[in-house]
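Colleague: any chance you can model this:
(one chain, ligands or ions: 2)
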Amino acid sequence: MKKETRTILIVGAGVETIPGIRRAKEMGLYVVVSDMNPNSPGCAIADKSIVASTYDVLATVEAAKDFFKNERPIDGVISVATDVPVAVASVAAELGLVGIPVEAARIASNKVLMMQVLSDAGIPVPWYSVVNSAEDLKDIERQRCCDCVVKPVDSRGSRGVVMLSSLEECEFSYNYALQFSPSKQVMVEEYVEGPQISTESLLLKDVAYTPGFSDRNYKDFKRFSPHIIEDGGQQPSFLFDPDRQAVADLAVRAGRAIGVETGIIKGDMVLSAQGPKVIEIAPRLSGGWFCTDQIPLATGVDLIGAALRVALGETPSAQELTNNKTTAVAIRYFFPAPGKVVAINNLSEFDNTEWVHRIGFFVKVGDIVGEVSDHTGRSGYVITTGRTRQEAVSRADEVVKVVKVVTTAL
Ligand SMILES: Nc1ncnc2c1ncn2[C@@H]1O[C@H](COP(=O)(O)OP(=O)(O)O)[C@@H](O)[C@H]1O
Ligand SMILES: [Mg+2]
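Modeller: Ligands and ions are numbered 1, 2, ... in the order given. Prediction:
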């Protein structure tokens, strides 16, 4: 007898979700996506799309329930490169599917709550405090006299995140961060010095794997100041064991501490002089082509496939989640001068270059590029491969140098 085709709901259908939709289809799944915009790029390749804002948890749950009742049963729910863990967990809870506890997703969506839960569990995190006003921030800065990071408790993509190095900056930092907080809450943290690492782990009941382990590049720290802008990353990491293992273990412990028993944990980690610390963890698959492209390219691990299987109630094997190759992979971003985009030149020079894995732009001719203040201000990216990390990085740097996003001052 032919096995019934199983159905996966993918919440969010942006361009970075496309490889996830493709992977699900390759696995023989019927793919339904939900997105506010019926013209989102993922909708065109999914089997079916339903219209619901990914940020509207209730609307997404209702749309999923309707679909389940009126169209076909749903066997699993996930997001790929969309930051909506509460919506995904809520749909799973409502439909009786595999998922992380809604509470774990909630904790991860509020940075103060997350820091509190992590520090209560003995997980090393930066010193932090809630900030209620610019005056409050001044008092804290006076007492602590250290480099700090001021941020909204509930935003994403580095929006509203600023370095604070002096008393004079308190007013600006507080008001700036406040603008980006939907709940109007601001926090301050000690700035943790040290190499920054992105991790992505799959937690199974008694064991966990961390195929995603990438050095983050903050070379142009001064240029973007006071904003903290990551200009890409590279694998394999320059860290070796035992540091590497310690960072990965901490990300996994942090995931367990917020209540994730089985599921993906993406970590923003720092290796400080006192050992690894958690800046942020998120119970979802990453964006920035990390889970979809960079991890499988670098390690051979099909993390999306494994996460889809987990969402369907299956248990991937150790072999599926263990690195089976080492290719160096780098990503770098385009940051043209502010102005109006008049051309994107020399792109064809890399048309047939096998080490250019993917190149893309978020701007087109006629668009206005502003000063970069968060990750949404990047103009494009390139992902390259190489035999060594240095080779992958210098190839990405070369592409960014040769391909020109030409702007004219306004
Ligand atoms: N306390 C900190 N110490 C060092 N770097 C930090 C700190 N807080 C944030 N950052 C840097 O800023 C980035 C964005 O901050 P984060 O809290 O992760 O916010 P978002 O949710 O916008 O990603 C982090 O990935 C990290 O590189
Ligand atoms: Mg982050």
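
Colleague: burial measure for the closest residue to Y30 other than its chain neighbours, as a count.
Modeller: Computed as Cβ to Cβ, 6 or more residues apart in numbering, the closest residue to Y30 that is not its neighbour in sequence is T7, at 4.5 Å. All C-beta spots, glycine's among them, are computed from the backbone N, C-alpha and C. Around T7 there are 22 other residues, counting by other Cβ atoms under 10 Å.

Colleague: likewise for Y30?
Modeller: 18.

Colleague: for it, grab phi and psi.
Modeller: phi -90, psi 120 (degrees, to the nearest 10).

Colleague: quick check: it vs ligand 2, distance?
Modeller: Look at Y30 and ligand 2: by Cβ to the ion, to the nearest Å, they are 33 Å apart.

Colleague: so that residue makes contact with D47?
Modeller: Yes. Counting by Cβ atoms under 8 Å, D47 is a contact partner of Y30 at 5.1 Å.

Colleague: quick one: contacts for the residue nearest to Y30?
Modeller: L29, Y30, V31, V32, R72, P73, I74, D75, G76 (Cβ atoms under 8 Å, 6 or more residues apart in numbering).

Colleague: out of those, which touch ligand 1?
Modeller: Among these, no residue lies close to ligand 1 (Cβ under 6 Å from any ligand atom).

Colleague: mind checking which of the residues you listed are in strands?
Modeller: Those of these mapping onto strands are Y30, V31, V32, G76, per DSSP state E.

Colleague: OK, contacts around the closest residue to the third one other than its chain neighbours?
Modeller: Okay, so that is V32. Nearest in space to V32, with sequence neighbours left out and distances taken as Cβ to Cβ, 6+ apart, is K48 at 4.4 Å. With contacts defined as Cβ under 8 Å, 6+ apart, the neighbours of K48 are Y30, V31, V32, V33, F67, E71.

Colleague: any quick PyMOL command for the buried ones out of those residues?
Modeller: Under the burial definition 16 or more other Cβ atoms under 10 Å, those of the contacts of K48 that qualify are selected in PyMOL by:
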select buried, resi 30+31+32+33+67
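
Colleague: closest one to ligand 2 out of the contacts of K48, please.
Modeller: Of all the contacts of K48, ligand 2 sits closest to V33, with 24.5 Å by Cβ to the ion.

Colleague: can the helix or strand bottoming out on mean pLDDT in the chain be said to contact ligand 1?
Modeller: Ranked by mean pLDDT, DSSP states H and E, the weakest helix or strand in the chain is helix 221-224, scoring a mean of 86. No. Applying Cβ under 6 Å from any ligand atom, one finds helix 221-224 separated from ligand 1 by no less than 9.9 Å.

Colleague: residues contacting the helix or strand that comes right after that helix, please?
Modeller: Next along the chain after helix 221-224, taking DSSP states H and E as the criterion, comes strand 233-235. Strand 233-235 is contacted by residues 198, 213-217, 290, 294-295, 298-299, 328-331, 389, 392-393 when judged by Cβ under 8 Å, 6+ apart.

Colleague: spell out which parts of the stretch 201-350 of the chain neighbour ligand 2.
Modeller: Taking Cβ under 5 Å from the ion as the criterion, the stretch 201-350 of the chain approaches ligand 2 at residues D268, E280.

Colleague: and the strands in the stretch 201-350 of the chain, which stretches?
Modeller: Listed in chain order, the strands of the stretch 201-350 of the chain (DSSP state E, counting those that start in this stretch) span 208-216, 233-235, 263-272, 275-282, 328-334, 339-345.

Colleague: could the ones you listed go into JSON lines alongside distance to P316, mean neighbour count and mean pLDDT?
Modeller: Listed next are these as JSON lines, based on distance: least, Cβ to Cβ, whole Å; neighbours: other Cβ atoms under 10 Å; pLDDT from 0 to 100:
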{"stretch": "strand 208-216", "distance to P316": "9", "mean neighbour count": "22", "mean pLDDT": "98"}
{"stretch": "strand 233-235", "distance to P316": "21", "mean neighbour count": "24", "mean pLDDT": "98"}
{"stretch": "strand 263-272", "distance to P316": "12", "mean neighbour count": "23", "mean pLDDT": "98"}
{"stretch": "strand 275-282", "distance to P316": "20", "mean neighbour count": "22", "mean pLDDT": "98"}
{"stretch": "strand 328-334", "distance to P316": "22", "mean neighbour count": "25", "mean pLDDT": "98"}
{"stretch": "strand 339-345", "distance to P316": "40", "mean neighbour count": "15", "mean pLDDT": "97"}
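
Colleague: out of those strands, which comes closest to R378?
Modeller: Among these, the nearest to R378 by Cβ to Cβ is strand 328-334 (4.3 Å).

Colleague: helices or strands next to the closest one in the packing?
Modeller: The helices and strands touching strand 328-334, judged by 3 or more Cβ pairs under 8 Å, 6 or more residues apart in numbering; DSSP states H and E, are strand 233-235, helix 295-299, strand 380-386, helix 389-402.

Colleague: looks to me like F67 is in a helix.
Modeller: Yes. Assigned with DSSP: H, G, I helix; E, B strand; the rest coil, F67 falls within a helix.

Colleague: isn't it up against I50?
Modeller: Yes. Shown here, F67 and I50 form a contact pair, counting by Cβ under 8 Å, at 5.5 Å.

Colleague: which residues do these two both contact?
Modeller: V32.

Colleague: which SSE is immediately downstream of the helix or strand harbouring A93?
Modeller: Assessed by DSSP H and E, A93 sits inside helix 85-95. Per DSSP H and E, the first helix or strand lying C-terminal to helix 85-95 is helix 102-108.

Colleague: contacting residues around the very next helix or strand once past that following helix?
Modeller: Sequence order places helix 111-120 as the next helix or strand after helix 102-108, per DSSP H and E. Helix 111-120 is contacted from outside by 106-108, 125-126, 128, 130, 151, 153-154, 185, 187, 189, 254, 257-258, 278, 280-281, using Cβ under 8 Å, 6+ apart.

Colleague: I'm done for today, thanks for sticking with me.
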